[in-house]
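J.: Provide a 3D model corresponding to the input given below.
(chains A and B)
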Amino acid sequence: MKLTILYFARMREAIGRSRDVVEAPATVSNLGQLRGWLISRGEPWSSAFSQVQPLRIALDHVVCADDATLRDGAEVAFFPPVTGG
Amino acid sequence: MTERWQISVQQHDFDPGAEIEALRSVAAGAIVSFVGVARDMSEDFPVERITLEHYPGMTEKSLEEIVRAAHARWNLTQVRVIHRFGELRPGDHIVLVATASSHREHAFDACRFIIDYLKTRAPFWKQESGGRGARWVQSRQSDERASQSWDGSQNLATQKR
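T.: Numbering: from 1, shown residues only, chains lettered A, B, ... in the order given. Below you'll find the predicted structure:
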């Protein structure tokens, strides 16, 4: 499954770039599994995910919980709680 | 039919007076506005520059959802939301929320609802920098509580019947 992954704010800095395009294995079907798979790939994900907490995840522009189901071509964004206004 | 809201996410400045004046109409007996301004101190941290990052695509979508929710909940003739991104200096405008309604209670409550929701839902992040370095602004529990208060019953007085 091909996924576009975006990182914002402190998460972008921790990863060292703003975007990745990944081919996730068949074992990854939801957001929680995606995060686990990224962490299992090592750096920069393992450090970034442990440093940046709490963390929000948006799937196709909607903030979702870990059990949200991924689809091929989805856009997933990882970021800290928002601080606009 | 004219649009009942206008949302802008932009780098350049805006003129709050002109934006508020644009909401004036014979149907709108009340116009309420909130203007967020960049401060030069954040608690005890001196701020010379604010960098506002956002998530293009999601930002516009989330602001529209918030404004739609306000329209569904209160009688509003028009809503204007402007949020800036990029580099800002103390004293610069950051955000404008303006609501127009036939009655002031609806305009007041809807304006506050929109800014409270925006602060916890719209994907913007502020980084402050100055003489003591740079830091990402932390989200505040009080903002979360303000946003959640609209989910309860204490603010239902002015809702549409």
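
J.: in chain B, where is pLDDT below threshold?
T.: Chain B contains residues with pLDDT under 70 at B:1-2, B:153-159, B:161.

J.: swap in chain A?
T.: For chain A (pLDDT under 70), the answer is none.

J.: in stretch B:116-136, what counts as buried?
T.: Neighbour counts over stretch B:116-136 (16 or more other Cβ atoms under 10 Å in any protein chain shown) mark B:116-130, B:136 as buried. (Glycine included, C-beta is placed from N, CA and C.)

J.: ok, and which of those residues reach chain A?
T.: B:Leu118, B:Lys119, B:Thr120, B:Arg121, B:Ala122, B:Pro123, B:Phe124, B:Trp125, B:Lys126, B:Gln127, B:Trp136 (Cβ under 8 Å from any Cβ of the partner chain).

J.: next, count neighbours for the residue nearest to the fourth one when sequence neighbours are not counted.
T.: Of all residues not flanking B:Arg121 in the chain, B:Ser62 sits nearest, at 5.5 Å (Cβ to Cβ, 6 or more residues apart in numbering or on different chains). Counted with other Cβ atoms under 10 Å in any protein chain shown, the neighbours of B:Ser62 add up to 24.

J.: so which residues on chain B come close to chain A?
T.: For chain B, the residues in contact with chain A (Cβ under 8 Å from any Cβ) are B:36, B:52-55, B:57-58, B:61-62, B:83, B:94-95, B:115, B:118-127, B:136-139, B:143.

J.: correct me, but B:Thr51 touches B:Phe124?
T.: No - applying Cβ atoms under 8 Å as the test, B:Thr51 and B:Phe124 come out as separate, 10.8 Å apart.

J.: closest residue of chain B to chain A?
T.: In chain B, the residue found nearest to chain A is B:Phe124; the distance is 2.6 Å by Cβ to the nearest Cβ.
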